[in-house]
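**Q** What follows is a predicted structure for the sequence shown.
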Number of protein chains: 2
Amino acid sequence: MKNKLTILGAGSWGTTLAVVLSAKKELDITLWSAFKEHALSLQKYRQNKDFLPSVKIPSSIEITADLRTALNSKIIVLAIPVEYLRSVLKRVKKYKSGRKIFVSVSKGIEIKTLKRPSQIVREELGRVSFAVLSGPTIARELARGVPTTAVICSKNKRTAVYLQEIFSLGIFRIYRNNDIAGVELGGALKNIIAIACGISDGLGFGTNTKSALICRGLKEMVRFAKHFGAKEKTLFGISGLGDLATTCFSDLSRNHFVGVQIARGKKLKAVLSGMKMVAEGITTVKSVYSLSTKLNIYMPITQQVYSVLYKNKSPLQAVKDLMQREKKPE
Amino acid sequence: MKNKLTILGAGSWGTTLAVVLSAKKELDITLWSAFKEHALSLQKYRQNKDFLPSVKIPSSIEITADLRTALNSKIIVLAIPVEYLRSVLKRVKKYKSGRKIFVSVSKGIEIKTLKRPSQIVREELGRVSFAVLSGPTIARELARGVPTTAVICSKNKRTAVYLQEIFSLGIFRIYRNNDIAGVELGGALKNIIAIACGISDGLGFGTNTKSALICRGLKEMVRFAKHFGAKEKTLFGISGLGDLATTCFSDLSRNHFVGVQIARGKKLKAVLSGMKMVAEGITTVKSVYSLSTKLNIYMPITQQVYSVLYKNKSPLQAVKDLMQREKKPE
């Protein structure tokens, strides 16, 4: 019997997951868009023109904007930007019935509550089967067949093993993990460091600089995440370091792009108004900055990114301040 | 009083260090080339045409091919490819007198003995003051003023603090560390993973793939290094992960370049015959492969790189074999 899997959210990542998983004959896939016109356009053109141009959406994928229909699957993938996740879940709650497994693939922290996707799901849906899928997964790369890895993370080992099988493909290698806080925080925090790397590139610096930002950025990510119960090991793995490296070095990263534009003198508002997609680091840095200040967690790179984005600090001065701190052990 | 510092070896890194350190008024710098004609060319053109084109060598730097003169400094930086280090040290031993501090900046493992630079120095010079300087330091980037970090590593804390001061510059931030095995092994092993990343790029894959190679590569680097007494923490720092990231992502990395060429169908011999500089990963992978096999340390990426370089394995098959191993936890 086929497993039914629905992806809620037809952005670039949701669409990519639908397309690559549709290669598995044992899966029956539905892709839900929150917007009726968008669903109609996907149906008509079998292409996601705005978010994943020139990738064909196979006819075997059912496309719908009707949430009740979409929820008629055992596995529900949540591919919704964190800021909209709660409102979608409130609607999901009304329609859902029977046992389901929810898989979050959203990265970020809800700005008003400072909550992670797993916490939002818990608050809105209660105690459901839950997992997170995260890693260095630039959507357009996976969509064109580039070998990619990710982590499936669940407190329940059986759920993790089951989903590992569901998501594994020849070009998509899935590892298991059970540290939800670690995986979610890695995926959220890395966007701050990616903005820093974008700033560095925008200033004309090199890979020496970016590698330093990655190393020292990972240190402060670990400090922050451990405070919330995450394991250091997870941050150094696929969903932490791996995602960090890809986001810092890929030209396709939106957070990196924001950093480059800022370094070239654009104002944040102007950069954001020109972008179709969400650059989650922009809000994450706000949340993390205020939390780290309150909790007294030393995060020098986050602090500088915050000052550049929101306090008009000159990017060059921020780099200088980072380089010329007190000399210390590693 | 000025501190006298000599750099033995006028390759790209040795020359770069001489040039950037010459900005410090309190240092008196000598650059030694093993080759008389090379020293004369450096003196005449004040440029290292082969290894660091279009960077001016200030007149304050003394250039010599006379080892006795060169050794008339308190700090001796060893910027010599590992394969030639021992023979140079045998000559150093004859001339050296007085207390000196030796700073190794060579990365790699001596192929015949499987020894690291610190061990070679110990064998040839006995118990001398010793440190290692290592990190994500693409020479041409630092030479053009790109902000760069590195680690100075010594068992002796006073030596480390002293050298941290000597090497620190506005654009060159130095951290201290005391794990020599960890720093040296990180600098050597990363070249193997860089070849793997070059192969991935040569096959047309993306940053998702390279980030996976970096994460999983770091795991096997840690497994190997711990066996030789290194600390995991060091491998995850500037001289391990940092150097790994820069080598995997920079177009200027020679090891990465070798991988790209191999993936495009060139034979190893042909690639090497076209290169002026040493790609140390080529020999390191041999040593590490044989050691890890003997000691039963699981290193799947190293194994595949070895098979591609020395057993004619198809690069694409190597990637497939890596992606389709048994499904497991992270």
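**A** The structure has been received and is ready for your questions.

**Q** Output the set of residues of the stretch 151-300 of chain A in proximity to chain B.
**A** Within the stretch 151-300 of chain A, the positions lying close to chain B (C-beta under 8 Å from any C-beta of the partner chain) are A:151, A:164-165, A:168, A:170-171, A:173-177, A:200, A:205-212, A:214-216, A:218, A:234, A:236-238, A:241-243, A:245-246, A:249-250, A:252. Glycine gets a C-beta too; all of them are placed from N, C-alpha and C.

**Q** Drop anything exposed from those residues.
**A** A:151, A:164, A:168, A:171, A:173-177, A:200, A:205-212, A:214-216, A:218, A:234, A:236-238, A:241-243, A:245-246, A:249-250 (16 or more other C-beta atoms under 10 Å in any protein chain shown).

**Q** Which ones among the residues you listed map onto helices?
**A** A:164, A:200, A:207-212, A:214-216, A:218, A:234, A:243, A:245-246, A:249 (DSSP state H).

**Q** and after the strand or helix carrying residue A:271, which helix or strand comes next?
**A** Here residue A:271 sits within helix A:268-273, counting by DSSP states H and E. Under the assignment DSSP H and E, the closest C-terminal helix or strand after helix A:268-273 is helix A:281-295.

**Q** how about the CA coordinates for the next helix or strand after that following helix, as CSV?
**A** Moving toward the C-terminus from helix A:281-295, the next helix or strand (DSSP H and E) is helix A:300-310. Taking C-alpha atoms only, helix A:300-310 is exported to CSV below (Å, rounded to 0.1, in the frame of the first residue of the first chain):
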residue,chain,number,x,y,z
PRO,A,300,30.3,38.8,19.3
ILE,A,301,29.3,38.1,15.7
THR,A,302,25.6,38.2,16.3
GLN,A,303,26.1,41.5,18.2
GLN,A,304,27.9,43.0,15.2
VAL,A,305,25.4,41.7,12.7
TYR,A,306,22.6,43.2,14.8
SER,A,307,24.4,46.6,15.0
VAL,A,308,25.0,46.7,11.3
LEU,A,309,21.4,45.8,10.4
TYR,A,310,19.6,47.8,13.0
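
**Q** Okay, buried residues for helix A:300-310 please.
**A** Applying 16+ other C-beta under 10 Å to helix A:300-310 flags A:301-309 as buried.

**Q** For that helix, the averaged confidence score.
**A** For helix A:300-310, mean pLDDT is 97.

**Q** Same check on stretch A:120-134?
**A** pLDDT averaged over stretch A:120-134 gives 97.

**Q** Give me the contact status of it with chain B.
**A** No. Under the criterion of C-beta under 8 Å from any C-beta, chain B is not reached by stretch A:120-134; the shortest gap measures 11.2 Å.

**Q** what sits against the residue nearest to the spatial centre of chain A?
**A** Centrality entry for chain A: nearest residue to the mean C-alpha point is residue A:107, 3.0 Å, by C-alpha atoms, centre = their mean. Shown in contact with residue A:107 (C-beta atoms under 8 Å, 6 or more residues apart in numbering or on different chains): A:82, A:134, A:184, A:187-188, A:191, A:243, A:280.

**Q** The helix holding residue A:271 packs against which elements?
**A** Packing partners of helix A:268-273 (3 or more C-beta pairs under 8 Å, 6 or more residues apart in numbering or on different chains; DSSP states H and E): helix A:254-263.

**Q** In the helix it packs on, which residues are buried?
**A** A:254-263.

**Q** Please state the offset of it from the chain centre?
**A** On the basis of C-alpha atoms, centre = their mean, to the nearest Å, helix A:254-263 sits 17 Å off its chain's mean C-alpha point.

**Q** which regions of chain A sit below the pLDDT cut-off?
**A** Applying pLDDT under 70 to chain A flags residues A:1, A:277.

**Q** Enumerate the residues of the stretch 1-150 of chain A near chain B.
**A** So far as C-beta under 8 Å from any C-beta goes, the stretch 1-150 of chain A lies against chain B at A:135-138, A:141-142, A:144, A:146-149.

**Q** Can you flag which of the residues you listed belong to helices?
**A** A:141-142.

**Q** Give me the residues contacting the helix holding residue A:271.
**A** A:258, A:261-262, A:279, A:282, A:309-310.

**Q** ok, how many other residues are close to the residue lying closest to residue A:191 once chain neighbours are set aside?
**A** Distances taken as C-beta to C-beta, 6 or more residues apart in numbering or on different chains place residue A:281 nearest to residue A:191, at 3.0 Å, with adjacent residues excluded. When neighbours are counted by other C-beta atoms under 10 Å in any protein chain shown, residue A:281 registers 30.

**Q** Next, the contact list for residue A:281, please.
**A** Contacts of residue A:281 (C-beta under 8 Å, 6+ apart): A:191-192, A:194-195, A:255, A:258, A:305.

**Q** CSV for the buried residues of helix A:254-263, including distance to residue A:3?
**A** Listed next are the buried residues of helix A:254-263 as CSV, based on distance: C-beta to C-beta, whole Å:
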residue, distance to residue A:3
A:254, 32
A:255, 33
A:256, 36
A:257, 36
A:258, 38
A:259, 40
A:260, 41
A:261, 42
A:262, 44
A:263, 46
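
**Q** Could you point out which of the residues you listed is nearest to chain B?
**A** residue A:256 (10.6 Å; C-beta to the nearest C-beta).

**Q** I'd say that closest one and residue A:247 touch.
**A** Yes. Checked against C-beta atoms under 8 Å, the pair residue A:256 and residue A:247 is within contact range at 6.4 Å.

**Q** got any residues that touch both of those two?
**A** A:194, A:197.

**Q** where do the strands sit along the stretch 51-200 of chain A?
**A** A:62-64, A:75-78, A:101-104, A:129-134, A:148-153, A:172-177 (DSSP state E, counting those that start in this stretch).
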